[in-house]
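*Asks:* Please find the sequence and the predicted model below.
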Amino acid sequence: MPGINKQSWDELITLIQDSHSILLSTHINADGDGLGAEIAFYYYLNSLDKECRIINSTPLAYNYKVIDPDCVVEEYNHSMNQWLSNVDLTIVFDIGDHRRIGEIAKQVYGHCTSVSIDHHPIREDHPFALNLVDSEAPATGYLIWKYFQEIGYASNDM
């Protein structure tokens, strides 16, 4: 797949294995692609017994509540700062511009390892230690499915 190779996926695997507390987030006014990617990844990380939370800067829109039946998507508020200060890995989805995660950026960028998984071209001045981007992919959710296939977590059948 253009843009993301096995070595890049292996780097992500290592970062996840070495992390204890993981934040997942997407852009302000999240859409189905960013939300679906972070929710799928949340359940994957939970299957690995990783402490993780999905925290977004804006509330989940009513029309997307159907994809979050367990209410795992949280809206950021300052009371979360203590937990965020202990995060050792942040993974953002469908972001394009790293500033699009809003106020959470101040809490995590530069304080922990940050990863972007995206199908949008990324800004040159990004804070990501690992930037998994394939601008030829139809959606970020597709990249998550490809990652799950790579690690044997999802079927190769389509």
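*Replies:* Yep, it's here. Numbers count the residues shown, from 1 in each chain.
*Asks:* So for stretch 96-112, what gets flagged as buried?
*Replies:* Gly96, His98, Arg100, Ile101, Ile104, Ala105, Gln107, Val108, Tyr109, Cys112 (16 or more other CB atoms under 10 Å). C-betas here are computed from N, CA, C, even on glycine.
*Asks:* Which of those residues fall in helices?
*Replies:* In helices, judged by DSSP state H, the following of these are found: Ile104, Ala105, Gln107, Val108.
*Asks:* measure the closest residue to the third one other than its chain neighbours to Tyr109 for me?
*Replies:* Using CB to CB, 6 or more residues apart in numbering and skipping the chain neighbours, the partner closest in space to Gln107 is Leu84 (4.2 Å). For Leu84, the distance to Tyr109 under the criterion CB to CB, to the nearest Å works out to 11 Å.
*Asks:* who touches both of the two?
*Replies:* Common contacts of Leu84 and Tyr109 (CB atoms under 8 Å, 6 or more residues apart in numbering): none found.
*Asks:* what about the chain, any weak spots by pLDDT?
*Replies:* 1-3, 155-158 (pLDDT under 70).
*Asks:* could you redo the last one with a cut-off of 80?
*Replies:* Residues of the chain that meet the criterion pLDDT under 80 lie in 1-3, 122-125, 154-158.
*Asks:* Would you map the strands across it?
*Replies:* Counting by DSSP state E, one finds strands in the chain at the ranges 21-26, 51-56, 73-75, 89-93, 113-118, 130-133.
*Asks:* These: which one's closest to Val66?
*Replies:* strand 73-75 (11.9 Å; CB to CB).
*Asks:* Show me what the closest one pairs with in its sheet, parallel or antiparallel.
*Replies:* According to DSSP bridges, strand 73-75 forms sheet pairs with strand 51-56 (parallel).
*Asks:* okay, the angle between the strand it pairs with and strand 21-26?
*Replies:* Strand 51-56 runs at 30 degrees relative to strand 21-26, counting by axes from the mean of the first three to the mean of the last three CA atoms, to 10 degrees.
*Asks:* Can you tell me what sits against strand 51-56?
*Replies:* Under CB under 8 Å, 6+ apart, the answer for strand 51-56 is 20-26, 28, 30, 38-39, 42, 45-46, 72-76, 80, 83-84, 101, 104.
*Asks:* Cheers, nothing more for now.
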